[in-house]
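A.B. asks: how would this look folded up:
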Amino acid sequence: MLRQARPTDVAALNSLRLRMRENILSRPHWLTEARTLAAITQTGRGWVWEESGVILGFSVANAGERNIWALFVEPGFEGRGIGRQLLDQAVQWLWSLSPCTIWLTTDHDTRAESVYRAAGWKDMARLENGEIRFELTHCQE
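C.D. replies: Residues are numbered from 1 along each chain as shown. Predicted structure coming up:
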């Protein structure tokens, strides 16, 4: 079930984020409950995919930056469409605020890269840290 993330989900979101096998945080200490709480309640909005009370994936969109701040699916549950539904929800929310270009970054040669390409995101740049910057445009700017 897809639903909006709640403050009570923060610990589960951070725990899931730290279990990722790809797009591993280079600075795990950066991921704090306060930062995640602000991301889903102040600077943006988050969504979770939950089954039987367990969060299997989440996405977070940042309104000010106009980007996808996070999109992660529990290892072992990839390929079920969870990530795509979470991505679509975040994209629709960002476009409801202002229907133009949004962006995200991800590591090269990952499942995430393939998901974004399949969803129509365009590879715009390679960053110094090796990540790819993708953009998705919904209007003529």
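A.B. asks: what comes up buried for the longest helix along the chain?
C.D. replies: Ranked by residue count and defined by DSSP state H, the top helix of the chain is helix 82-97. By 16 or more other CB atoms under 10 Å, the buried positions in helix 82-97 come out as 82, 83, 86, 87, 89, 90, 91, 93, 94, 95. Bear in mind the C-beta positions are built from the backbone N, C-alpha and C, glycine included.
A.B. asks: what's the burial count for residue 59?
C.D. replies: Counted with other CB atoms under 10 Å, the neighbours of residue 59 add up to 28.
A.B. asks: hmm, residue 68 and it touching each other?
C.D. replies: Yes: if you go by CB atoms under 8 Å, residue 59 and residue 68 touch, sitting 6.6 Å apart.
A.B. asks: what residues are shared contacts of these two?
C.D. replies: 87, 90 (CB atoms under 8 Å, 6 or more residues apart in numbering).
A.B. asks: and the nearest residue to residue 20 once chain neighbours are set aside, what does it touch?
C.D. replies: What sits nearest to residue 20 in space, not counting adjacent residues and going by CB to CB, 6 or more residues apart in numbering, is residue 72, at 5.8 Å. Going by CB under 8 Å, 6+ apart, residue 72 touches 16, 17, 20, 23, 57, 58, 59, 83.
A.B. asks: nearest to residue 29 among these?
C.D. replies: Among these, residue 17 lies closest to residue 29 (CB to CB), at 12.7 Å.
A.B. asks: no more questions from me, cheers.
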